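Participant: Sequence unavailable; structure follows:
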């Protein structure tokens, strides 16, 4: 149950980052960012920067290219979000 909650919170975080970068919410959680949404790599950098701040670690763009839906990216981020970070980092 805790993992489902974490993934749900991360899905919301990812969805909000996509909405901010794209300027709209006309996509589903299983829509491919490039194929269906029609976005491009410049937006990927913005999204990953925003998500990296949220989970307090630097994220590679490769993580996004390997996980191109909201649900896939949220699952991939769960590994980073579960790692405790020292205060002030």
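Facilitator: It's in. All figures in this text were calculated on a predicted structure; none of them were measured in a lab.
Participant: Touching the longest helix anywhere in the chain from outside, list them.
Facilitator: The residue-count maximum for a helix in the chain (DSSP state H) belongs to helix 2-22. Contacts to helix 2-22, defined as Cβ atoms under 8 Å, 6 or more residues apart in numbering, come from residues 25, 27, 29, 33, 37, 39, 43, 46-47, 50-51, 54, 70-71, 73-75, 77-78, 81-82. Every residue, glycine included, has its C-beta placed from N, CA and C.
Participant: Now list the buried members of the residues you listed.
Facilitator: Buried members of the contacts of helix 2-22, counted by 16 or more other Cβ atoms under 10 Å: 27, 33, 37, 39, 43, 47, 50-51, 54, 70-71, 73-75, 77-78, 81.
Participant: What pLDDT is listed against residue 6?
Facilitator: The score at residue 6 is 47. That number is its pLDDT.
Participant: Please apply the same query to residue 78.
Facilitator: If you check residue 78, the pLDDT there is 88.
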